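K.L.:
Sequence and predicted structure below; questions after.
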Amino acid sequence: MKPLIIQMQAFGPFGAQQVVDFRLLGNKTFFLIHGPTGSGKTTILDAMCFALFGDASGGEREGRQMRSHHADAETLTEVTFDFELADKRYRVRRVPEQTRKSRRGGGDTKQLQVAEFFRVELDGDQEVTRAIESGWSKVTDAVQKLIGFESSQFRQVIMLPQGKFFEFLKSSSQEREKILQSLFGTEIYKRIEEQLRSMAADVSQQAATSSTRRKTLLDHAQVEDEAALDARFAQQSQELTDKQTAEKSADAAAQLADRTLTEARSTASRFDELDKAAQALALLQSRQADWADRRVRLDKARLAATIQPYAAALDELTRDLASETARAQTLSQEASAA
């Protein structure tokens, strides 16, 4: 993390606004903050830590306790800190809870705490701020996630303020390990170690499971060891081969029997057809006389059909003759009478 600008107002010994522009250092990475006692050297570190985490660099005071006694009642205590991380610029602004002059009706009023976290980008020559998070604890969480340090770790590793180096040295081994892992990036080796330990535990568990399964299988097979199991396996494999050979022979015999059965069924079906044909022939032969009589009657019917027109004409002539005979008798009687 590279500090860019820290703006302090009514903060610590600074009653008005004080701006420290680290950009004036250019590319210099080593510099000294010096001055007489009480001039505000530590306050610069306090302001950075307060802007990032909401507390002072020493860890003993909250932000509302950092209000300057030299500030007038109308000036708010606030800190704005611009910093650069991974070639990206960020801005944190905090206003602690404090008592200020009321803008209406006089008297004092309570100023609630404010925390804002921005991403700062350049649009040409203009700065554009894009909000990342707001709210006291939410900004703190976002900053911790971004820089990878909590407030106590930041003070021990990044700042090490006056009189606090010994505190880092006397901290617990677990805390120092956690800090040094974050500082030197050794967390990856710890993760590798934990992953290898986890993999070893998994392998051990798998080995125990395999051993238990082996014993269960041997007990189920009622053998003492793998050699006996292999011998039984070989014996059963030979038996299986023999049974498969017998099964193939039986299958071939079954197929042959099936073909024979099919042929027998076909022959029986033909015999059934022959029997039915014989029965039909016998029936026809038994009705042969009847069919002969019918054939005679048919011949006579055909003959009658040929002379039927002549018979009809004869009938008509007979009727005409009777009519003419009756007429002749009538005429004869009339003649006699005449």
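P.N.:
That came in fine, so what should we check first?

K.L.:
what about Thr37, which SS state?
P.N.:
What DSSP: H, G, I helix; E, B strand; the rest coil gives for Thr37 is coil.

K.L.:
Distance-wise, check it relative to Pro13.
P.N.:
Distance from Thr37 to Pro13, counting by CB to CB, to the nearest Å: 11 Å. Every residue, glycine included, has its C-beta placed from N, CA and C.

K.L.:
Tell me which of those two has more neighbours.
P.N.:
Pro13 (15 against 6; other CB atoms under 10 Å).

K.L.:
From Leu281, how far off is that one?
P.N.:
Distance of Pro13 to Leu281, computed by CB to CB: 139 Å.

K.L.:
again with Glu247
P.N.:
Going from Glu247 to Leu281 by CB to CB gives 51 Å.

K.L.:
So Gly106 lies in a helix, does it not?
P.N.:
No - the assignment for Gly106 by three-state DSSP gives coil, which leaves it out of any helix.

K.L.:
Let me know how buried it is, in neighbour terms.
P.N.:
Gly106 has 7 neighbours, counted by other CB under 10 Å.

K.L.:
Tell me which helix or strand the residue positioned nearest the centre of the chain sits in.
P.N.:
Nearest residue to the geometric centre of the chain (CA atoms, centre = their mean): Gln195, 26.0 Å. Using DSSP states H and E, Gln195 sits in helix 187-221.

K.L.:
Give me the buried positions along that helix.
P.N.:
By neighbour count with 16 or more other CB atoms under 10 Å, helix 187-221 contains no buried residues.

K.L.:
For that helix, which helices and strands make contact with it?
P.N.:
On a contact count with 3 or more CB pairs under 8 Å, 6 or more residues apart in numbering; DSSP states H and E, helix 187-221 meets helix 226-286.

K.L.:
what is the rounded mean pLDDT of stretch 280-295?
P.N.:
The average of the pLDDT scores along stretch 280-295 is 83.

K.L.:
Oh, that last question was meant for stretch 123-143, not what I typed.
P.N.:
Mean per-residue pLDDT for stretch 123-143: 92.

K.L.:
my guess is Glu97 meets Gln111, correct?
P.N.:
Yes - using CB atoms under 8 Å, Glu97 makes contact with Gln111 at a distance of 6.7 Å.

K.L.:
The helix holding Gln195 vs helix 226-286, what angle?
P.N.:
Relative orientation of helix 187-221 versus helix 226-286 (axes from the mean of the first three to the mean of the last three CA atoms, to 10 degrees): 60 degrees.

K.L.:
quick one: average confidence on helix 187-221?
P.N.:
84.

K.L.:
isn't there a strand covering Gln9?
P.N.:
Yes - per three-state DSSP, Gln9 lies within a strand segment.

K.L.:
my guess is it contacts Gln18, does it?
P.N.:
Yes - contact between Gln9 and Gln18 holds when scored by CB under 8 Å: they sit 7.5 Å apart.

K.L.:
mind listing what the residue nearest to the centre of the chain touches?
P.N.:
Applying CB atoms under 8 Å, 6 or more residues apart in numbering to Gln195 gives no contacts.

K.L.:
what about it, distance to Glu74?
P.N.:
59 Å.

K.L.:
again, but for Ala51
P.N.:
22 Å.

K.L.:
Not counting sequence-adjacent ones, nearest residue to Glu127?
P.N.:
Among residues not flanking Glu127 along the chain, Val120 sits closest, at 5.8 Å (CB to CB, 6 or more residues apart in numbering).

K.L.:
Beta-bridge partners for that neighbour, please?
P.N.:
Arg89, Thr129 (DSSP bridges).

K.L.:
That one: how many residues sit nearby?
P.N.:
16.

K.L.:
Distance check, it against Asp82.
P.N.:
Counting by CB to CB, the gap from Val120 to Asp82 is 7 Å.

K.L.:
ok but Val92 is inside a helix, no?
P.N.:
No - going by three-state DSSP, the assignment for Val92 is strand, not a helix.

K.L.:
Number of residues surrounding Val139?
P.N.:
Neighbours around Val139, by other CB under 10 Å: 23.
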